[in-house]
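J.: no sequence for this one, just the structure:
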């Protein structure tokens, strides 16, 4: 390899978890052996991300709400990068077309999370036709998310890399879903696990032969990051 | 044993985690093999508890905020059993005597959590002398908590047992701290791990020889709950 890996950014659900969202313990054990900072990157809320970081036992640096929030410390503050107001307006419009169920509304600060009750492409069409170009509708595989068009897991990684004084290209990123595309593109090496969305595999540098957590271990070994 | 175990209630921090609060993976793996419902019982916030339950992969039934909140479903609602107003008043009084740092205030709904910046017994003395007998000041080993005197992890277990149509005495409870005393007393069998607070060991039916997560595995094996 022509560069030194200085950090690893890893999606949580579907990447280091089984289908039922329980942790793959082999992956956890491998991640603990990494010698570089690990940034967990999730579409889930900040409290979910910081808890997961603590329980896995990695750095407390996390990307939450698909890049709408970053955190550097367990007891620190949410740094809010996405504008939830734009997202709320877009959801109001979607409600005119579809039966909408909002999830986790109590905790979300930068985006709106929706149950997958309508066709993704149809939702996007509505937003496009109605002129909502300041938001994106994305699918984490577990829920839909309306996020500020200015943010992504990739832009959040850039924010973190800058703060850590590392180039974002010195990161390896590992994911499974469409909402990981920008993350993998932003990092120097992008890894899609075997169960990943086709769109993510299309832009990945490495596609593992094994699924979720086993795929993470496979990639970290392949890259020489763990013995 | 003269009774059938129908559920296991387990504290999180210090009981199934290492000192740095990362999960003991041997304990997680053992807990996953249990054939009875597992109730996680923590002094931490509801979002921390539900995340931990999901990542461990047990039932989504959790006791949070030292019994001030219970939840039955991951996407369900917090059932608030403790009155935070009483606790806030008590904290105002403590502020007249000590340098107080409130933790997690954004998320707590039934109690107030404080950094351990003063002597526990002195705090209790103040509350006693000032007539605050409707709250308790307890120590989870990680923080102090001012909780509604009517609630405890034990009272929350009774609430859950009733809902599940199980007797609370059919539960095994495992913990490490003072805030687990009522939990262990309420359950049919109370287990203190080797690193437990002396006060907890004093009332436990079983004290494991091993610490935290290893102690949990030892107890579950001893009780014949896992092979």
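T.: Done, it's in. Because the structure is a prediction, the values reported are computed rather than measured.
J.: Relative to the centre of chain A, find the outermost residue for me.
T.: Centroid-distance maximum for chain A: residue A:96 at 28.7 Å, with C-alpha atoms, centre = their mean.
J.: OK, contacts around the residue nearest to residue A:30 when sequence neighbours are not counted?
T.: Nearest non-adjacent residue to residue A:30, counting by C-beta to C-beta, 6 or more residues apart in numbering or on different chains: residue A:217, 4.5 Å away. Every C-beta, even on glycine, is put in place using the N, C-alpha and C of the backbone. Shown in contact with residue A:217 (C-beta atoms under 8 Å, 6 or more residues apart in numbering or on different chains): A:26-27, A:30, A:210, A:226.
J.: where's residue A:217 relative to chain B, distance?
T.: Between residue A:217 and chain B the distance is 14 Å, computed by C-beta to the nearest C-beta, to the nearest Å.
J.: Dihedrals phi and psi, that residue?
T.: With angles defined as degrees, to the nearest 10, residue A:217 sits at phi -60, psi -40.
J.: hmm, who's touching the lowest-mean-pLDDT helix or strand in chain A?
T.: Ranked by mean pLDDT, DSSP states H and E, the weakest helix or strand in chain A is strand A:102-103, scoring a mean of 92. By C-beta under 8 Å, 6+ apart, the list of residues contacting strand A:102-103 from outside reads A:91, A:112-115, A:143, B:75.
J.: Lowest-confidence one in those?
T.: Checked by pLDDT, these have residue B:75 as the lowest-scoring entry (87).
J.: Wait, a helix at that one?
T.: No: assessed with DSSP: H, G, I helix; E, B strand; the rest coil, residue B:75 is coil; it does not lie in a helix.
J.: Specify the beta-bridge partners of the nearest residue to it once chain neighbours are set aside.
T.: Once flanking residues are discounted, residue B:75 sits nearest to residue A:103: 7.0 Å by C-beta to C-beta, 6+ apart. Listed beta-bridge partners, residue A:103: residue A:113 (assigned using DSSP bridges).
J.: Please name the residues that touch residue A:205.
T.: Contacts for residue A:205 were tallied using C-beta under 8 Å, 6+ apart; they are A:184, A:189-191.
J.: Isn't residue A:63 up against residue A:43?
T.: No: using C-beta atoms under 8 Å, residue A:63 makes no contact with residue A:43, being 9.4 Å away.
J.: Residue A:201: what's it in contact with?
T.: Residue A:201 makes contact with A:192, A:207 under the criterion C-beta under 8 Å, 6+ apart.
J.: So which residues on chain A come close to chain B?
T.: A:17-18, A:20-23, A:25, A:28-29, A:32, A:45, A:47-48, A:51-52, A:54-57, A:75, A:103, A:107 (C-beta under 8 Å from any C-beta of the partner chain).
J.: where in chain A is pLDDT low?
T.: Counting by pLDDT under 70, chain A shows low-confidence ranges at A:1-2.
J.: At which residues are the helices of it located?
T.: Assigned by DSSP state H, chain A shows helices spanning A:25-32, A:46-56, A:84-95, A:120-129, A:153-164, A:181-186, A:198-203, A:212-222.
J.: Using TSV, please lay out these together with distance to residue A:137.
T.: Written out in TSV, the entries for the helices of chain A read as follows (distance: least, C-beta to C-beta, whole Å):
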stretch	distance to residue A:137
helix A:25-32	29
helix A:46-56	21
helix A:84-95	8
helix A:120-129	5
helix A:153-164	15
helix A:181-186	14
helix A:198-203	14
helix A:212-222	25
